[in-house]
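1. Predicted model follows, preceded by the sequence.
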Amino acid sequence: MSQDRYDVIVIGSGPGGGSLTARLARTGKRILLLERGDYLPRSQANWSAKTVFVDGAYQAKETWYGGDGRAFSPALHYYVGGNSKVYGAALLRMRERDFEAVRHVDGVSPAWPLGYDAFEPYYTQAERLFAVHGSRGEDPTEPWASAPYDHPAVSHEPRIQQLSDDWAKHGLHPFHLPLGIKLDERNGRPTPTSTCIRCDAFDGFPCLLNGKADAQVMTVDPTLAAHDNVTLLVNAYVSRLETDASGRRVTSVHVTRDGAEERYSADIVVVACGALSSALLLLRSHSDAHPNGLANGSDQVGRNYMRHNMSVLMALSKEPNDTVFQKTLAVSDYYFESKAWEYPMGLIQMCAKTQPDQIRGEEFPKWTGFLPDAPFEMVARHSMDFWLQSEDLPHSDNRVSLDRDGRVILDVKETNRAAHDRLRDTLEGLLQPAGAYTYLFERSLYLGKNIPLSGTAHQSGTLRFGTDPRSSVLDLDCRAHEVDNLYVTDASFFPSISAVNPTLTIVANALRVAAHLEERLG
């Protein structure tokens, strides 16, 4: 049994763990980064829609259970870089109002204990760290920013520019979607030295060229190359955290690696496994001092799970859509209340172009109406694709837990669905005036066959932060109320999820916590 001591142990190499490690590396402190998976293999299969979406080749081979006992496979990815290896790299700031209480049709999204001002400097740092390309001033709901983007917005291809112009003529405010991407372009085309080549396998795919700004590419690998005080162990599954008799300090991190049991210790332990896996780790780490799970005296560990209400919709038109890199446009006019409805609806984004193998996997012949006998390639060429997301409200009974046999139970009841349905209807109305888009189909393969359960891409909220230990797990520095040297830097800490993609907020908060730890470590 191996045993070694570090100044800091970070569990999880995704955006939260990788960003914190990158920032703390400059302190010279001895840091151990633990990742339960390995590097995602680079091969041509990374660009195969059948491999990625139909076969789900990179998803964790695990079986979890819903609250009704139904088995499912969660859409989790255990690799260096975490789920960001297959994310869409849309990196938006939460709106300033998102940090306040927001009234929705199904209830109130709670206020955060810290306001936007506390996160703004770290949002700017996060945008630089993840090479975000964007344009300030286009998005009518964007919050104030202390600096411009370092990189220009990714340009629209002609068909998407036309859609943007059409929507602007109808009084909307379409904007360039902020993207984390290693792209240099000139006149809408990548330069000869650009890492990203603007291909059709960016959104949801692992990037074969490392052109997507994921946590491995932007934080882990550069940190390891520049700092010999940082060590990465892969295939290192953390089974539990052990504390001293008082329960106030984590003394050992139990790791299973290559079939052997190992233990490591550190002055500071940071958990960043993703909201679901982080909560499960604390639940597995029960002891006499923490009988209901580590740091769970409030019974809040695993509760208030959120994951957005999400849909991927494919519109079909009579005109072909030869766009290759489609994920460049978004609309936030319905993000809060609007002339269309007194409640918030959410965010409309473009997403990756549908590929023939995805349609084949969706069993397209069961759909009726437009082009029912057309080959899959033709249908894909006539598609235009949208990602819709609405806020999912926290509820204490929406939770991840372990049963007596150690099985993972994810119990989810949808909230705020009416807002999402209305957003879909609104999109359909926006496509009709041009007379081209008359059919709108929901795609399931991008998010998983059962989105409420297996669609865990935007997991958050299971270890919320706050000032009251009776209703929260973490304090305002994201340190566990009950454990002096335990911190969390993934989306577990979110009290609400807003309706924008969570990754930039995860990174910003990880940098905020890292600044606190720099002071603590001296």
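-> That came through, no problem. Residues are numbered from 1 along each chain as shown.

2. Can you show me the helices along the stretch 151-300 of the chain?
-> Using DSSP state H, counting those that start in this stretch, the helices of the stretch 151-300 of the chain run over residues 158-169, 215, 221-226, 275-284.

3. ok now the first one, how far from the chain's centre?
-> In this case it means helix 158-169. Helix 158-169 sits 28 Å away from the centroid of its parent chain (Cα atoms, centre = their mean, to the nearest Å).

4. Please apply the same query to the second one.
-> Counting by Cα atoms, centre = their mean, helix 215 is centred 11 Å from the centre of its parent chain.

5. by contact count, what packs against that helix?
-> Judged by 3 or more Cβ pairs under 8 Å, 6 or more residues apart in numbering; DSSP states H and E, the packing partners of helix 215 are helix 15-24. Using the backbone N, CA and C atoms, a C-beta is placed for each residue, glycine as well.

6. What average pLDDT does the helix it packs on get?
-> Across helix 15-24, pLDDT averages out at 98.

7. List the buried residues in that helix.
-> Buried residues in helix 15-24, counted by 16 or more other Cβ atoms under 10 Å: Pro15, Gly16, Gly17, Gly18, Ser19, Leu20, Thr21, Ala22, Arg23, Leu24.

8. Between those, which sits nearest Phe494?
-> For the buried residues of helix 15-24, the closest approach to Phe494 (Cβ to Cβ) belongs to Gly16, at 11.4 Å.

9. Between the helices of the stretch 151-300 of the chain, which one is closest to Leu430.
-> Checking the helices of the stretch 151-300 of the chain against Leu430 by Cβ to Cβ gives helix 158-169 as the closest, at 6.6 Å.

10. Could I get the buried residue list for the closest one?
-> Those would be Arg159, Ile160, Gln161, Leu163, Ser164, Asp166, Trp167, for helix 158-169 by 16+ other Cβ under 10 Å.

11. The fourth one touches Leu329, doesn't it?
-> So the one you mean is Leu163. Yes. Counting by Cβ atoms under 8 Å, Leu329 is a contact partner of Leu163 at 6.7 Å.

12. Find the residues that touch each one of these two.
-> Pro174 (Cβ atoms under 8 Å, 6 or more residues apart in numbering).

13. about what we covered before: and the buried residues of helix 15-24, which is closest to Ser317?
-> For the buried residues of helix 15-24, the residue nearest Ser317 by Cβ to Cβ is Pro15; the value is 35.6 Å.

14. Surely Thr124 and Pro148 touch.
-> No. Here Thr124 does not reach Pro148: they are 9.5 Å apart, not a contact under Cβ under 8 Å.

15. ok, the two, which is more surrounded?
-> Higher neighbour count among Thr124 and Pro148: Thr124, with 20 against 13, using other Cβ atoms under 10 Å.

16. dump the residue contacts of the more buried one.
-> Per Cβ under 8 Å, 6+ apart, neighbours of Thr124: Ala145, Ser146, Ala147.

17. Which of the residues you listed ranks first by neighbour count?
-> Highest neighbour count within the contacts of Thr124, by other Cβ under 10 Å: Ala145, with 15 neighbours.

18. surely that residue meets Arg93?
-> Yes. Between Ala145 and Arg93 there is a contact at 7.5 Å, judged by Cβ under 8 Å.

19. Pull up the overlap in contacts between the two.
-> Both Ala145 and Arg93 are in contact with Tyr123, where contact means Cβ under 8 Å, 6+ apart.

20. How far does stretch 39-54 sit from its chain's centre?
-> The answer for stretch 39-54 is 19 Å, by Cα atoms, centre = their mean.

21. Okay, buried residues for that stretch please.
-> Buried-residue list, stretch 39-54, by 16+ other Cβ under 10 Å: Tyr39, Leu40, Ala45, Asn46, Trp47, Ser48, Ala49, Thr51, Val52, Phe53, Val54.

22. In strands only, show me these.
-> The strands, defined by DSSP state E, take in nothing from the buried residues of stretch 39-54.

23. confidence score at Val379?
-> 79.

24. next SSE after whatever helix or strand it lives in?
-> Assigned by DSSP states H and E, Val379 belongs to helix 376-381. For helix 376-381, the following helix or strand on the C-terminal side (DSSP H and E) is strand 383-390.

25. How about residues contacting that following strand?
-> By Cβ under 8 Å, 6+ apart, the list of residues contacting strand 383-390 from outside reads 88, 159, 163, 308-317, 321, 323, 326, 344-354, 416, 419-420, 423-424, 427, 437, 443, 458, 499-501.

26. Now with 6 Å, please.
-> With Cβ atoms under 6 Å, 6 or more residues apart in numbering as the test, strand 383-390 has contacts from 308-316, 321, 346-349, 351, 354, 419-420, 423, 499.

27. mind listing what it pairs with, with the direction of each?
-> Its sheet considered, strand 383-390 pairs with strand 309-317 (antiparallel), strand 347-350 (antiparallel) by DSSP bridges.

28. Of those, which is nearest Gly188?
-> Between Gly188 and the strands paired with strand 383-390, the shortest separation by Cβ to Cβ is 15.7 Å, and it involves strand 347-350.

29. Out of the helices of the stretch 151-300 of the chain, the one nearest Arg404 is which?
-> Each of the helices of the stretch 151-300 of the chain has some distance to Arg404 by Cβ to Cβ; the shortest is helix 275-284, at 12.4 Å.

30. Need the single longest strand in this protein, by residues.
-> As assigned by DSSP E, the longest strand anywhere in the chain is strand 260-271.

31. could you give the angle of that one to helix 275-284?
-> When axes from the mean of the first three to the mean of the last three Cα atoms, to 10 degrees is applied, the directions of strand 260-271 and helix 275-284 differ by 120 degrees.

32. Could you list every helix and strand in contact with strand 260-271?
-> Counting by 3 or more Cβ pairs under 6 Å, 6 or more residues apart in numbering; DSSP states H and E, the packing neighbours recorded for strand 260-271 are strand 2-11, strand 250-257, strand 486-488.

33. Who does it pair with, and is each partner parallel or antiparallel?
-> By DSSP bridges, strand 260-271 pairs with strand 2-11 (parallel), strand 250-257 (antiparallel), strand 486-488 (parallel).

34. Deepest in the core, which of the ones you listed is it.
-> strand 486-488 (a mean of 28; mean count of other Cβ atoms under 10 Å).

35. Tell me where the model's unsure across the stretch 51-200 of the chain.
-> Counting by pLDDT under 70, the stretch 51-200 of the chain shows no low-confidence range.
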